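K.L.:
following is a predicted model, sequence given first.
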Amino acid sequence: MTVPLYVQANVDGAVLLQSIRASEYVREVASGEDAPQDSALWTLVDHAPAHGQPVVGSQAAVEHAARLDSPPWSKRVLVLADEQDSVLLVALEKEKIVDTLRVVPRSVLEVVANVDAGTRRLAQYRALCGTDVYDAGQ
């Protein structure tokens, strides 16, 4: 699955995606056996296909994500890049927002991999950071 990334106009999407993919989590999972670019995590998050108008806000992103083909696009979580130094992860269930969590780019892959696979919920990550932005500290 690929988790859709929605980028607001005030954020440099290319720089943000590079920051997400620079995560140590990719290297840990690959165990040094493969290049990070060869890992399935490398493409886990990618820009959502354009649909002709800017997506503003989480509800608009949810509505667009509902129209994406599954597979390859995840229906469990999406990433909304509304700030350069953190993003909003949106957990979905039946095309409805069930939870959100603000995460630093370098921690995005770890969180979305687990949420998309159904092994963890955003609430479990929130328990680790309280009201702060989640940062795995990589």
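P.N.:
Yep, it's here.

K.L.:
and for the lowest-mean-pLDDT helix or strand in the chain, what's in contact with it?
P.N.:
Here the helix or strand of the chain ranked lowest by mean pLDDT, DSSP states H and E is helix 24-30, holding a mean of 84. Outside helix 24-30, the residues within contact range by Cβ atoms under 8 Å, 6 or more residues apart in numbering are 36, 38-39, 41-42, 106-107, 109-110, 113, 136, 138. The C-beta positions use only the backbone N, C-alpha and C, and glycine is treated the same way.

K.L.:
out of those, who's nearest L16?
P.N.:
Checking the contacts of helix 24-30 against L16 by Cβ to Cβ gives R106 as the nearest, at 11.0 Å.

K.L.:
wait, that closest one touches Q18, no?
P.N.:
No. R106 sits out of contact with Q18 when judged by Cβ atoms under 8 Å, with a separation of 10.9 Å.
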